[in-house]
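Chemist: Dropping a prediction and its sequence here:
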Amino acid sequence: MLRREINELLTQTGPGTAMGDLFRQYWIPAFLAEELPEDDCPPVRLKILSERLIGFRDSNGRYGLIDEFCAHRGASLWFGRNEEGGLRCAYHGWKYDITGQCLEVPSEPDNSTFCTNVKLTSYPLVKIGDILWTYMGDPAKQPPPPEFEFVHVPPEQTYTSKRWQESNWLQALEGGIDSSHVSWLHSGALKSDPLFKGARGNKYNMNDLKPFFEVAEADGGLFVGARRTAEDGNYYWRITPWVMPAFTLVPPRGDHPVHGHFWVPIDDENCWVYTFDYHPVRALTPEERQAMMDGFGVHSENIPGTYRPVQNKDNDYQMDRAAQRRGEHYSGVRGIAIQDASLQESLGPIVDRTKERLVAADSGIIKARQKLRQAALALRDEGIAPPGVDPAHHRVRSAAVLLPKQESFLEASRDAVTVMPGVPQHSV
Amino acid sequence: MLRREINELLTQTGPGTAMGDLFRQYWIPAFLAEELPEDDCPPVRLKILSERLIGFRDSNGRYGLIDEFCAHRGASLWFGRNEEGGLRCAYHGWKYDITGQCLEVPSEPDNSTFCTNVKLTSYPLVKIGDILWTYMGDPAKQPPPPEFEFVHVPPEQTYTSKRWQESNWLQALEGGIDSSHVSWLHSGALKSDPLFKGARGNKYNMNDLKPFFEVAEADGGLFVGARRTAEDGNYYWRITPWVMPAFTLVPPRGDHPVHGHFWVPIDDENCWVYTFDYHPVRALTPEERQAMMDGFGVHSENIPGTYRPVQNKDNDYQMDRAAQRRGEHYSGVRGIAIQDASLQESLGPIVDRTKERLVAADSGIIKARQKLRQAALALRDEGIAPPGVDPAHHRVRSAAVLLPKQESFLEASRDAVTVMPGVPQHSV
Amino acid sequence: MLRREINELLTQTGPGTAMGDLFRQYWIPAFLAEELPEDDCPPVRLKILSERLIGFRDSNGRYGLIDEFCAHRGASLWFGRNEEGGLRCAYHGWKYDITGQCLEVPSEPDNSTFCTNVKLTSYPLVKIGDILWTYMGDPAKQPPPPEFEFVHVPPEQTYTSKRWQESNWLQALEGGIDSSHVSWLHSGALKSDPLFKGARGNKYNMNDLKPFFEVAEADGGLFVGARRTAEDGNYYWRITPWVMPAFTLVPPRGDHPVHGHFWVPIDDENCWVYTFDYHPVRALTPEERQAMMDGFGVHSENIPGTYRPVQNKDNDYQMDRAAQRRGEHYSGVRGIAIQDASLQESLGPIVDRTKERLVAADSGIIKARQKLRQAALALRDEGIAPPGVDPAHHRVRSAAVLLPKQESFLEASRDAVTVMPGVPQHSV
C-alpha cells in the first residue's frame, strides 16, 4: 500500500515532476527505427513524458526530435514537408533542422536575421539497434548511449516490436518484475506458445505455485530472484533484472530467445511497451522471427498502420470464455502480451495504490518502488544522478538456473546475469 | 421547480449520499436471472449506485455480488475463473467466495492465515422471479425479500427485460408516474402496438387530453390517479402505483398483461430500466411473449449481447420524420420504451430542475419528489426506515376502472389496487 | 503573442462574455436556407454562441429560432411536431410559435391563461440570399438586415455551403485574413483547382513569396493589402476585406467567382464556416456550380446528411504522403478548405496565443485582434455600437489589381473595394 502522495510521485512523468525529471536523466526509446525508414520520409508524431513532439529523418539521414508545433502560430509540423535538409511547416513555410533551429521564415526580407532567434525545443535522436533513442534532459548531463545487449547483438539475432498500453507506465513495469503471475495468467501459454513451450524449466514454473522471492541490489537497479523447488535438492531460480527506470528482462527458457521490455510513459495514463527478443549467440530462426511478427511470445498483433493491439479495451481483448473454460487461455484472453495488458489496464488508467494489499511475492515490486522514489528525491533534492544512467549498468542478463539449495542466488549467478559476448544465456 | 440542492439530493445515489443511503435500504434488481444462467458461468460486471461490482454464480448454484477488483493489486475479477466454489483472479490466483471472503492466496505459505483477513465488499444476491435482487445496506437491517406480484406469479405468466438508459434515474422514474404524456407521445402506439391496442379504455385516453390528477398516499409510496371523462356520468380512472423508491406499474388495458418498471441507478448519469409484463391469472400467450421479445409494448430491442437499445442517442433513436408526419409515431421515434427513453435522455444526463415549470398534471411527480426527499432526510437525520421497505407495501396493483363521478377513486378501488391471488386485474 | 486574458476575451463567445456580447450586436448566419426547405418541415437543432436552439419554419412560412428545450420539464423540441402554426413538444403537447410564445398547454383547463405567461427565448430568423440570419442581441438595438453583396445578387450568381470546423472561431477567421499562406499551403491548388487555376495573377502569388502587408482601416473593419512584385514597375495587390466580426472575402482571380467566408462560433471549441462564391455580374456556369458542390474551391465535400467534412480530424484529413511528395497537395491534404481546416484544427481547440511568434506578414491578424478587443471593450464599458453593424459597412469587395509602385493601394482601389451593382470585380 502506498500513500496517495507517493503514488502520485511515482506515476506522474510530465515536465517539472520528480519522476519526469528522473526519466529525463536517461536515454529512452522514442521510436522503432522502422518508423523513420529512409531519408526525407514522412515525419512522425510522438507523445512521450507528456510532451508532444515530432520525429523526422532529414535529407542527410540525420534523425531529429523536435516540438510538434511551429513557433509561428502553432500549426502541427506533422503536415510539414520533410525535404532539402529540414522540415518545412505547410502553413507559411517556416523551416527547421533536426536541432529545432529555424532555417528560414520565407515572408521575412532576404537580409532578415529573424529566424536565427527562433528555435524549437529539440532532443537528440539516435539509432542503436532497432530503436531510435532520445534523451530529454539537460544537454550538459547527457550520458553515453545505451549498452543493452539486445541492441548490440547483430541484427539477425534480435527483433523488437512495440504496442500502445492504455495505463500508467508503472503498473506496466510492475508486471515486468512480477515473476509470480506467470504460473497463473500465462499458464496456458507455457504449454502452447512457440516461443515459450518445451523448455525443461517450465515444469518447475507449473509445479511450484509458491515461489519464494529474493531481491538483490544491482548497480543499475535490482535483480529479482524467484525460487521454486526442483529435484535433487536443487532450487530453480528465475532471475529478472530491472535497470532503472524502465528496462526489464524475462528469465530465459531453454534455448529460446530472451524476452524483454522497455516501459515508456506516453502521458500519465498511457505508455509505450517496447518488446524485444534476442539471442546472445545465434540468429533467430525464420520460425521464431515469424512467430514474433505474428504476435506470439511477448509480442502483440497490432492494427495495421498503428501500434494499437488488435485485442484491446474496446473489444474486451476478444475475451473467449470457451477457451478459458478449456484452460487454453487462463483468463480467456489470447497471447501473453495481451494477457498482461488486459489485466494491467483493468486496474484503471492509474491504479489507486492506497487500496492494494501486497504480499511476500510482491517484494520485487515493493523494492523497485522504493528505489524509484529514493532516486527521484535524491535527484530533486541533491542533484544525485540515479542508477541506470551509467551504460555499464545496462550490461545485465536474465537467467534461469538450477542451484543447490544452500547457495546464494546472486553470488552463484554472477556470471549468468552479466553480459558476456559470445557466451549464451544461462537457461534451463 | 426545485432548488439546486434538492435536485442534487434527489439525483445523487453514490456511497455516502442521502439518496444513495435511501436506495441502500431496499432490495433492488441487480441482474436479470438470464445473465447468470448456470453454475460456474462467466462472471458479469455491474455498476450500480455508482459502485463497480461483479456478480457470479458458483459451483453450488449460489449467487454472489462482490467488489469487481481483487484486493491484492486491483485487477478486475471479470477476467477471473469461476470454478470449484469460487471466483479466482486470473492475475495471481487469489480466490473469493460469494461473500467476498478470500479463500486462497496461492503465493502464501501453506500454513498462512493471511487470506482469512482478506474480504471484499459483498452484497447478497437472490433470485426471485426472473430477477437477481441485491441489498446494499447494513446487513443488520436487511429486510425480507421483495413481494412484488410480477416476480411471484408462475413463470408462464411473466416476462422481464432490461435496457440501459443514458440519464439519471429520477427523470426516468418521473416518466413512469406521468400518466399524462401517454395521450401525446404514445398516441400512435395505442392504436398499433400489439400489447396496447384494442382495449376499450384507450378511447378515453385519446378523447380526453386534459386528465385530472389526484394523488393518494399509499403505505409504500403513492397511488397516482388520472381521471378522464367517460360516458354515462362516469369517469375513467387510470391508477399508477409507485412503491418507493423505484417501482412503478402502468395501469392495465383490457385483458392485456400489466406493464411495469423498476428504475435502478447505475451512476448519476445512467440507469437500468427493468421492464416487465405479467398477467395475474393467466399465462402470457405465445404471441404476447414474442411481441415482448421483439421490443413491443414497454420493452426494447437491444443490441445483441448487450442491454443497450438498438435505437439510441448515437443514432438519434432512428428518428423517422415520415412516420412522424403520418402520425404513426408521434415523435417520429418507434416504440413506447424508446419514445420515453429518447425524451428523457434529451433532458440531459441530469435534468436541471431549477428551470422547469410544473403544472397540475405533474402533481404525481411533485408529490413523489417530496416523499423521496422527506424519506431521505428522515433516514439520514433520524434513522427512520422509509416506506416501501416492508414487503407488505409491495402487494399493489395498477388499475383502470370506470367509476361514478361522485366516488373517491381510491376508496372505490381499494380492491383493484391490492394484490389478490387468483383475481384478475381491474381493467377496462 | 497575446496575454492569456486577452486570448480568453477574444475566444469566448458564450452568454455574458465580452466577445459574446459583441457577436450579439450583429446579424449572423444561423442556417443555410436549404436546412428549412419548406413549411412545416422538420425542426433543426442549432448550437451557436454556446446556446442550444432549435430552428423551424411554420405552416405559414415564417422562420423561428427558439430555445431547444420545452419550458415544462426540458424535453428537446427536436422531437416535436411542426404543424398547424407552431412547434408542439412530443412529450406533453405544449405548443410554441416562432417567437417562443407558448400557444397551448393541453393539460390545463380550457379557460386557463397559464400558457400566456410561458415564453421561450427566441431570436428572429430571416432569409436573405441562401442564408437564414439571426440576431441574438437586445431587440431594441436590432440593426437593419445585412447587405453583403453575395446574398443580394440574383440566385444564379451565387452559391453557399457550410462545414463544421473543430476549432475556436478566431483561429479560423485568422486564416481568412492571412493572405501569405496561400503561396505555401494552397500552392498545389492554384495550379489545379478549377475555381482557382488559370488566372493571370496566380503567377505573382507563386513567384513572390515575400508579400508585403499593408493594413488599412475600413468603416466596418479592415482592408488587408498584400503586395507582390509584378512586371513593368507595378505591384500586384491582393486586397482582403474583413467586416466585423466574422465576414471575409478572398481576393478574386481573373473572371472566377469571388470566394468568401463567415466564421460563426458554435461554442468556444467549434465553429461553423459558411463558405460562398458569387459573381457580381454573371451567372455561375454549370461547371463552376458543380465544382462547388463537389467540394472544390473553398468548399468541402461533407458526409451526406451532415455538415461535417468527409476529410476530418478522425481520419487525419485523408493525408496522402505520395501526393505531398509529388507536390500535388503541399501538405498532403486535398482541397483548399480542408487544407485550412486541418492546419487550423492542429493548433488545438483554442490555440494558446501566449506562445506564438508573429511576423510582419501577420499584420492583418494583429490589427484585427486589436479591433475586436477595442470594440468588445468599448461595447462593454461604454455601450458603443461596434463597426460592421451598419449595413453600409457590408458593401465591400475584395480585389486583385496591378498598381504603379508609387500608388497607395487603398486610394487607388476605392472603387475596386466598393460594391457597385452591374460592375464586375476588379481582378487580375
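Modeler: In hand now; what should we look at?

Chemist: any chance you could map the strands in the stretch 201-350 of chain A?
Modeler: Counting by DSSP state E, counting those that start in this stretch, one finds strands in the stretch 201-350 of chain A at the ranges A:212-217, A:221-229, A:234-243, A:247-249, A:258-267, A:270-278.

Chemist: and the shortest one, what does it pack onto?
Modeler: What it means is strand A:247-249. strand A:234-243, strand A:258-267 (3 or more CB pairs under 8 Å, 6 or more residues apart in numbering or on different chains; DSSP states H and E). Glycine gets a C-beta too; all of them are placed from N, C-alpha and C.

Chemist: Who does it pair with, and is each partner parallel or antiparallel?
Modeler: For strand A:247-249, the paired strands and their directions (DSSP bridges) are strand A:234-243 (antiparallel), strand A:258-267 (antiparallel).

Chemist: Figure out which of these is closest to A:Asp67.
Modeler: For those, distance to A:Asp67 was read as CB to CB. The smallest value, 16.1 Å, belongs to strand A:258-267.

Chemist: That closest one - what's its average pLDDT?
Modeler: Averaging pLDDT along strand A:258-267 gives 98.

Chemist: And for that strand, what's in contact with it?
Modeler: With CB atoms under 8 Å, 6 or more residues apart in numbering or on different chains as the contact definition, strand A:258-267 has outside contacts at A:13-14, A:23, A:28-29, A:47-50, A:150, A:164, A:168-169, A:172-173, A:176, A:195, A:246-250, A:252, A:271-280, A:297-298, A:397-398, A:425, A:427.

Chemist: Distance check, the closest residue to A:Thr158 other than its chain neighbours against C:Val428.
Modeler: Distances taken as CB to CB, 6 or more residues apart in numbering or on different chains place A:Tyr278 nearest to A:Thr158, at 3.9 Å, with adjacent residues excluded. For A:Tyr278, the distance to C:Val428 (CB to CB, to the nearest Å) stands at 65 Å.

Chemist: Between the two, tell me which one has more neighbours.
Modeler: A:Tyr278 (24 against 21; other CB atoms under 10 Å in any protein chain shown).

Chemist: is it true that the more buried one touches A:Pro154?
Modeler: No: applying CB atoms under 8 Å as the test, A:Tyr278 and A:Pro154 come out as separate, 9.7 Å apart.

Chemist: tell me the contacts of A:Phe148?
Modeler: Taking CB under 8 Å, 6+ apart, we find A:Phe148 in contact with A:129, A:243, A:247, A:394-395.

Chemist: can you redo the strands paired with strand A:247-249 as a markdown table with mean neighbour count?
Modeler: As requested, the strands paired with strand A:247-249 are exported to a markdown table (neighbours: other CB atoms under 10 Å in any protein chain shown):
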| stretch | mean neighbour count |
| --- | --- |
| strand A:234-243 | 24 |
| strand A:258-267 | 24 |
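
Chemist: now those in TSV, with distance to A:Glu287?
Modeler: Formatted as TSV, those follow (distance: least, CB to CB, whole Å):
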stretch	distance to A:Glu287
strand A:234-243	25
strand A:258-267	16
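
Chemist: For chain B, what is the nearest residue in the stretch 151-300 of chain A?
Modeler: Nearest residue of the stretch 151-300 of chain A to chain B: A:Trp184, at 4.4 Å (CB to the nearest CB).

Chemist: Skipping adjacent residues, who's closest to that residue in space?
Modeler: B:Gly93 (4.4 Å).

Chemist: ok so, going back, am I right that the residue of the stretch 151-300 of chain A closest to chain B falls within a strand?
Modeler: No: secondary structure assignment (DSSP: H, G, I helix; E, B strand; the rest coil) places A:Trp184 in helix, not in a strand.

Chemist: Would you tell me which of the strands paired with strand A:247-249 gets closest to C:Ala199?
Modeler: Here strand A:258-267 is closest among the strands paired with strand A:247-249 (CB to CB), at 47.1 Å.

Chemist: so the closest one versus strand A:270-278, what angle?
Modeler: 160 degrees (axes from the mean of the first three to the mean of the last three CA atoms, to 10 degrees).

Chemist: Residue nearest the middle of chain A, spatially speaking?
Modeler: The residue at the geometric middle of chain A, judged as the C-alpha nearest the mean C-alpha position with CA atoms, centre = their mean, is A:Phe262 (1.2 Å).

Chemist: Roughly how far does that one sit from C:Ala360?
Modeler: Counting by CB to CB, the gap from A:Phe262 to C:Ala360 is 47 Å.

Chemist: Same question for A:Asp39.
Modeler: If you measure A:Asp39 against C:Ala360 using CB to CB, the figure is 34 Å.

Chemist: These two: which is more packed in?
Modeler: Neighbour count, other CB under 10 Å: between A:Asp39 and C:Ala360, C:Ala360 has more, with 17 against 14.

Chemist: who touches the residue nearest to that one when sequence neighbours are not counted in this structure?
Modeler: Sequence neighbours aside, C:Phe213 is the residue nearest to C:Ala360 in space, at 6.4 Å (criterion: CB to CB, 6+ apart). Listed by CB under 8 Å, 6+ apart, the contact partners of C:Phe213 are C:179-180, C:224-227, C:360-361, C:363-364.
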